[in-house]
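> Got a predicted structure plus its sequence, pasted below:
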Amino acid sequence: MWTSVWLLTVAATQMPGAAILQAAVTVLVNQDVDECLVANGGCHAKAKCTNTAGSRTCSCLAGYTGNGQVCVVLKASCPVGFAGEGADCAPDSDLDGYPDTELSCSSKYCRKDNCINRPNSGQEDADGDKIGDACDADADGDGHNNNKDNCPLVANSGQSDKDNDKRGNLCDNCPDASNPSQSDIDGDGIGDKCDDDIDNDGLLNAADNCPKVANGNQADGDGDGIGDACDNCPKHPNAGQKDKDEDLLGNACDDDVDTDSDGVEDSVDNCPNNQKDTDGDGRGDACSNDLDGDKILDSDDNCIANPSVHSTDFRHLQMVALDPQTASTPPVWVVYDNGAEIHQTVNSDPAIAVGDHVMGDVDFEGTFFVEDTSDDDFVGFIFGYQSNAKFYVVSWKKGPQNWFNKAERGVTLKLVNSNTGPGTKLRDALWFTGSTANQAKMLWHDGSIGWKPKVAYRWLLHHRPDIGAMRFYLYQGTKQVMDSGNIYDGTLKGGRLGLYCFSQEEIIWSNMEYKCANGVPQEMFNDLPANLQNQVLSS
């Protein structure tokens, strides 16, 4: 910081015909005080404090990770293609985080994979026979194969199904009312179709102004009959709740003004120039300096400086159709492993499923696995989702194909910035391997390989929106098969993450993990131009 020192200079001047005149002159001198000399400048004990003009920076020491004010041990991890703990690693054929053989370490990730050749990061085993449900033809051990069992995970040899919804009575959360989706918002075991209090807030659905979101106080600030807890414009009456661009902000209050391009519009942004809010006080870090305070141990926290994110969780998916006008087959998303593994089972129209966490600097990784052997279309994921017309998409095509237009084999990373939003124009632009004016811009393409069925691939994405840089890696087993190099685009400064498919069935995204990132990985940093390296070093 700066400190001010006042100096007094006395000068004596002999003036003709006058007495000696004494003049006092004050001079203000700014001196920089090295904050690092006291209590390590407020940095963590395992951080390096570096003095700067008028301030200081904190950076975690080697072997630790964090924001410099909070640093935690960087856990040793097995290389891609292996699983285990620390240095105790063994091959992991399906890249789901579990080794093919038993290890001596204590972590659950040291236990032998109960389904070695098919990703199942949740290791579900309904009948306890040590054969994972993912590769057990009769997962519940009742004598009926899974594909013909109306309760594949609950033993029911009789197959009784009173309401004929293809869910056996023993596993049907509404056995007297047909509900194939088995939706159960409050997780109480009673399906929404037959639950008179869907959100379990003590109010019957008919009298609840937010029947699917718990809100015992029934607050409704704009008086539109929709409770604030579930109102997509809580300060603007909009009983219809229309949301054209599917950004979870209703048309009535959606002005599409997002000064910092972080995916949170100014009208609901806790700090319109920086969305990060480490202490959860409603003011972003650019407006305050405080710690996380999310009551999650930093060693177990995916985002130690973001109180709203502490684990990878895709259980609350928003379904977005990208060609709704001609839609015929919507995708079917099935969630496993507490939201870290998702299956999409049908040959569907182009669509995405978006999680509910807004991320800025992020590392996002997971495993691709396609079981279908007959098709050759698109699998992928999205990041920086701000609306159904603005997001980044990584898509992988198995083989070349002419349909709406030319789709090449390989992985493509595009910026979707569509002036029409979902529809045939966006659909065609997503299919095409190239840029399409006013729809999508191709940022990178690698046509060296297409995906193969029943082969596990691991992806890793780094996105650093503050410097407008991203990088994608792809691995098959232990071998790195793609490295995009640094890709530059600063259009979207953050947003939500999700999954993408187009005309491809039987897809598994497994062992997914996203983390708030701190700093820039060395390999990515080395390839930055000098001006961006300086920006990183000074931040």
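Right, received. Where do you want to start? Numbers count the residues shown, from 1 in each chain.
> what's Ile449 sitting at in phi/psi?
When quoted as degrees, to the nearest 10, the phi and psi of Ile449 stand at phi -140, psi 150.
> Report the separation between it and Thr424.
Distance of Ile449 to Thr424, computed by Cβ to Cβ, to the nearest Å: 30 Å. Where you see a C-beta, it was placed from the backbone N, CA and C, and this is true even at glycine.
> remind me which residues of the stretch 51-200 of the chain are low pLDDT?
Across the stretch 51-200 of the chain, the ranges flagged by pLDDT under 70 are 62-63, 73-76.
> same question but for the stretch 401-539 of the chain, I mixed them up
Answering for the stretch 401-539 of the chain: no residues sit below the bar, that is pLDDT under 70.
> All the helices of it, residue numbers only.
For the stretch 401-539 of the chain, helices defined by DSSP state H, counting those that start in this stretch occupy the ranges 424-431, 522-526, 530-538.
> What are the buried residues along stretch 531-539?
Leu532, Val536 (16 or more other Cβ atoms under 10 Å).
> For the stretch 251-400 of the chain, which segments count as strands?
With DSSP state E, counting those that start in this stretch, the ranges of strands along the stretch 251-400 of the chain come out as 318-321, 333-336, 341-344, 351-359, 362-370, 378-387, 390-397.
> Just put the ones you listed in TSV and tack on mean neighbour count, distance to Ser160 and mean pLDDT.
Converted to TSV, the strands of the stretch 251-400 of the chain look like this (neighbours: other Cβ atoms under 10 Å; distance: least, Cβ to Cβ, whole Å; pLDDT from 0 to 100):
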stretch	mean neighbour count	distance to Ser160	mean pLDDT
strand 318-321	17	32	94
strand 333-336	17	24	93
strand 341-344	22	27	96
strand 351-359	23	33	92
strand 362-370	23	34	96
strand 378-387	24	38	96
strand 390-397	24	43	98
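> Let me know which of those is the nearest to Thr65.
Counting by Cβ to Cβ, Thr65 lies closest to strand 362-370 out of the strands of the stretch 251-400 of the chain; the figure is 10.9 Å.
> Packing partners of the closest one?
Applying 3 or more Cβ pairs under 8 Å, 6 or more residues apart in numbering; DSSP states H and E, we find strand 362-370 packed against strand 378-387, strand 457-464, strand 507-516.
> Can I get it in CSV, CA atoms only?
Provided in CSV are the C-alpha atoms of strand 362-370 (Å, rounded to 0.1, in the frame of the first residue of the first chain):
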residue,chain,number,x,y,z
VAL,A,362,-13.2,-23.7,-15.2
ASP,A,363,-11.6,-27.0,-15.8
PHE,A,364,-14.1,-29.5,-17.1
GLU,A,365,-13.3,-33.2,-17.7
GLY,A,366,-15.1,-36.5,-18.2
THR,A,367,-15.3,-39.8,-20.1
PHE,A,368,-17.1,-40.3,-23.4
PHE,A,369,-18.4,-43.8,-24.2
VAL,A,370,-20.8,-44.8,-27.0
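> and it with strand 507-516, angle?
Counting by axes from the mean of the first three to the mean of the last three Cα atoms, to 10 degrees, strand 362-370 points 170 degrees away from the direction of strand 507-516.
> Which residue comes closest to Gly143 once chain neighbours are left out?
In space, and not counting its chain neighbours, Gly143 is closest to Ser157: 5.7 Å by Cβ to Cβ, 6 or more residues apart in numbering.
> from memory that neighbour sits against Asp138, does it?
No: counting by Cβ atoms under 8 Å, Ser157 does not reach Asp138; the two are 10.9 Å apart.
> hey, what's in contact with both of the two?
His144 (Cβ atoms under 8 Å, 6 or more residues apart in numbering).
> Distance of the closest residue to Asp375 other than its chain neighbours relative to Pro91?
Spatial nearest neighbour of Asp375, chain neighbours left out: Gln504 (5.7 Å); criterion: Cβ to Cβ, 6+ apart. Going from Gln504 to Pro91 by Cβ to Cβ gives 28 Å.
> Name the residue in these two with the higher neighbour count.
Set side by side, Gln504 and Pro91 show unequal neighbour counts under other Cβ atoms under 10 Å, the larger going to Gln504 at 25 against 16.
> Strands along the stretch 1-150 of the chain, start to end?
For the stretch 1-150 of the chain, the strands defined by DSSP E, counting those that start in this stretch occupy 2-13, 21-32, 47-52, 55-60, 64-66, 71-73, 82-85, 88-91.
> For the nearest residue to Asn511 once chain neighbours are set aside, grab the count of nearby residues.
Counting by Cβ to Cβ, 6+ apart, Asn511 lies nearest to Ser121, which is 3.9 Å off, once chain neighbours are set aside. Neighbours of Ser121 under the rule other Cβ under 10 Å: 26.
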